[in-house]
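Asker: sequence and predicted model, in that order:
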Amino acid sequence: EDAIEVTRRSPYGNMAVMFTDSGYAANKFKDTAGAGMIGINVGVPAPMAVFPFCGWKDSFFGTLHSNGEDSVRFYTEGRILVSRWF
């Protein structure tokens, strides 16, 4: 709950990362964190450079996302989830 609240209060929304052993907490964080790139148990949730840079809120500048199909989606908020479980 605290991690979600921190991401929702921030004026920026490029990425949010959470380390947890709980599948429930990871799912809730993924669905409610206010960021365009979500990481679960990974430090940086962008595994390859071809993934779109999909910052939300004040983290995004311009009218188009930089790569892939998001380049032609003008008013959408894309999201990427990268997670690792041990």
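Answerer: It's in.
Asker: which stretches of this protein form helices?
Answerer: 2-9, 23-32 (DSSP state H).
Asker: what comes up buried for stretch 27-40?
Answerer: Across stretch 27-40, burial judged by 16 or more other CB atoms under 10 Å covers Lys28, Phe29, Lys30, Ala33, Gly34, Ala35, Gly36, Met37, Ile38, Gly39, Ile40. C-beta coordinates here come from the backbone N, C-alpha and C atoms, glycine included.
Asker: show me the contacts for the nearest residue to the last one once chain neighbours are set aside.
Answerer: The shortest distance from Ile40 to any non-neighbouring residue, by CB to CB, 6 or more residues apart in numbering, is to Ser83 (3.4 Å). If a contact means CB atoms under 8 Å, 6 or more residues apart in numbering, then Ser83 has Ala26, Lys30, Gly39, Ile40, Asn41, Val42 as its contacts.
Asker: let's see that with 7 Å instead.
Answerer: Ala26, Ile40, Asn41, Val42 (CB atoms under 7 Å, 6 or more residues apart in numbering).
Asker: relative to Asn14, which of those is nearest.
Answerer: Val42 (14.8 Å; CB to CB).
Asker: picking up where we left off before, could you dump the helices of the chain to TSV with mean pLDDT and distance to Met15?
Answerer: Putting those into TSV (pLDDT from 0 to 100; distance: least, CB to CB, whole Å) gives the following:
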stretch	mean pLDDT	distance to Met15
helix 2-9	85	9
helix 23-32	93	12
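Asker: so which of those is nearest Ala46?
Answerer: That would be helix 23-32 among those, by CB to CB, at 15.4 Å.
Asker: can you list contacts of that closest one?
Answerer: Outside helix 23-32, the residues touching it (CB under 7 Å, 6+ apart) are Ala3, Ile4, Met18, Thr20, Ile38, Ile40, Leu81, Ser83.
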